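Chemist: Sequence plus the predicted model coming up.
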Amino acid sequence: MSVVAVMLAAVVTADDRPTTIDSKAVAHALSRRVIAPELPLAEVRAFCEAKILPMPAPRSVAEWEKYAESMRKAALERVVFRGEASRWRDAPGRVQWLETLPAGPGYLIKKLRYEAVPGLWIPALLYEPTSLTGRAPVVLNVNGHDGKGKAAPYKQIRCINQAKRGMLALNVEWLGMGQLRQPGFVHYRMNQLDLCGTSGLAVYYLAMSRALDLLLDHPHADPERVAVVGLSGGGWQTIFISALDRRVVLSNPVAGYSSFRTRVWHVSDLGDSEQTPSDLATVTDYAHLTALRAPRPTLLTFNARDQCCFRADRALPPLLQAAEPIYELYGQRDALRYHINHDPGTHNFERDNREAFYRMLGDFFFRGDKQFDWREIPSDGEV
């Protein structure tokens, strides 16, 4: 019999006449702790962690590639392009080139907008070197939850530095930020699309893949030197498109994601709806997505004292543990690198992190070029 039933029985006599309630006894009974307050959450965490896909241990490149192709296909078909989104994928994307803006020495800034899904336009800026000959590297610069959007100074400086080094740098706006900071673009709107039976995640994915389309349509674009880089939500965008779209050669996600195993125990890593979309964990994990990058150059950047999310000491190790054996299968262990920022060490893409990215570009896109300098070109006055 439950404690409540005993208490109720005690307050009624045999002839149904009410009796005096012993308030102290009731208070004592109610004060008894049946389960610890942290137990329900701990049980939910343990249950969820047990459901996360384990990382396989392939014995050959062929075995891994068979698994990887199956996982990539499942993620795209069952998660990203579920429902009506499969038709958006095949719709032609339009690009409108607008005016050219005044810029600093050595580059131009061209305004444009492109269609991510039918009727949804994304504003962007193309930083283009003034003297282009032959093929040039292209870089898709994405960003996270910064209200300034593509105007954020640390993002502008990064794009300027790319252009001054002879690269085509595309600076795109993110949903809900900058020029798209409107109620209709709030990230939790994607849940409403999910409830309608189509994938809200597709909007985010197509915003990136269409950006790659227009970059690679540039007459000077080098398809062998395609990079994606971004901070925070931009780091999430970076790993997601870089893992699933094989056109991306070099990837540098900055403080943008962690394995689902890490997220189970650290709620600050959960992220918005796009980070944990419906059904994604049934087909893959972010550790697996990191391994999908093999054997292509990948720089994982995290911050030592990140006050936001994805702190280096807890986010980085599981990703390396998953990806390193796969890179070793290919004989390309050096292509997987990491950088831990200590100055300032908080959630940032400031100079130290940017220079780590420039070094990566130099090592893989400008190999043998003795004139390439990874140190940042001062450009604050051009922002």
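Modeler: Alright, I've got the coordinates.

Chemist: Next one: the residue nearest the centre of the chain from residue 350, what distance?
Modeler: For the chain, the residue lying nearest the average C-alpha position, counting by CA atoms, centre = their mean, turns out to be residue 236 (0.5 Å). If you measure residue 236 against residue 350 using CB to CB, to the nearest Å, the figure is 19 Å. C-beta: built from backbone N, CA, C; applies to glycine.

Chemist: Pretty sure the residue nearest to the centre of the chain sits against residue 256.
Modeler: Yes. Checked against CB atoms under 8 Å, the pair residue 236 and residue 256 is within contact range at 4.4 Å.

Chemist: anything in contact with each of the two?
Modeler: Counting by CB atoms under 8 Å, 6 or more residues apart in numbering, the shared contacts of residue 236 and residue 256 are residue 144.

Chemist: ok, now which ones touch residue 277?
Modeler: Applying CB under 8 Å, 6+ apart, we find residue 277 in contact with 79, 190, 194, 199, 200, 201.

Chemist: count of neighbours near the third one?
Modeler: Translated: residue 194. 18 (other CB atoms under 10 Å).

Chemist: now the helix or strand in which it is found, how far from the centre of its chain.
Modeler: According to DSSP states H and E, residue 194 maps onto helix 189-195. Remark: helix 189-195 is offset 19 Å from the chain centroid, using CA atoms, centre = their mean, to the nearest Å.

Chemist: do the same with stretch 107-124
Modeler: Relative to the centre of its chain, stretch 107-124 is centred 21 Å away, using CA atoms, centre = their mean.

Chemist: Same check on stretch 360-371?
Modeler: Using CA atoms, centre = their mean, the distance from the centre of stretch 360-371 to the centre of the chain it belongs to is 26 Å.

Chemist: returning to that earlier point: how about the helix holding residue 194: buried residues?
Modeler: Residues of helix 189-195 classed as buried under the neighbour-count rule (16 or more other CB atoms under 10 Å) are 189, 190, 193, 194.

Chemist: what's the model's confidence in the top helix by length along the chain, averaged?
Modeler: Taking residue count as the measure and DSSP state H as the definition, the longest helix of the chain comes out as helix 312-330. In this model, helix 312-330 has an average pLDDT of 99.

Chemist: Tell me how many other residues crowd the closest residue to residue 354 other than its chain neighbours.
Modeler: Counting by CB to CB, 6 or more residues apart in numbering, residue 354 lies nearest to residue 158, which is 5.4 Å off, once chain neighbours are set aside. Residues contacting residue 158 under the criterion other CB under 10 Å number 27.

Chemist: again, but for the one 10 residues further on
Modeler: Counted with other CB under 10 Å, the neighbours of residue 168 add up to 24.

Chemist: I'd guessed it sits against residue 135; true?
Modeler: No. Under the criterion of CB under 8 Å, residue 168 is not in contact with residue 135, lying 10.1 Å apart.

Chemist: what touches both of the two?
Modeler: Here residue 168 and residue 135 share the contacting residues 220, 221, scored by CB under 8 Å, 6+ apart.

Chemist: can you give me the strands in the chain?
Modeler: When assigned using DSSP state E, the strands of the chain occupy the ranges 95-101, 107-117, 120-129, 136-142, 168-172, 221-231, 250-254, 298-303, 336-341.

Chemist: Dump the ones you listed into CSV; add distance to residue 84 and mean pLDDT as well.
Modeler: Output for the strands of the chain, formatted as CSV (distance: least, CB to CB, whole Å; pLDDT from 0 to 100):
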stretch, distance to residue 84, mean pLDDT
strand 95-101, 23, 97
strand 107-117, 10, 98
strand 120-129, 13, 98
strand 136-142, 24, 99
strand 168-172, 23, 99
strand 221-231, 26, 99
strand 250-254, 29, 99
strand 298-303, 33, 99
strand 336-341, 37, 99
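
Chemist: Relative to residue 49, which of those strands is closest?
Modeler: Distance to residue 49, taken as CB to CB, is lowest for strand 298-303 among those, at 21.4 Å.

Chemist: what angle do that closest one and strand 250-254 make?
Modeler: Following axes from the mean of the first three to the mean of the last three CA atoms, to 10 degrees, one obtains 10 degrees for the angle between strand 298-303 and strand 250-254.

Chemist: Make 15 the first number, not 1, from now on.
Modeler: Renumbered: residue one is now 15, and that last one reads strand 312-317.

Chemist: what helices or strands is strand 312-317 leaning on?
Modeler: Using 3 or more CB pairs under 8 Å, 6 or more residues apart in numbering; DSSP states H and E as the contact criterion, the neighbours of strand 312-317 among helices and strands are strand 264-268, helix 326-344, strand 350-355, helix 365-379.
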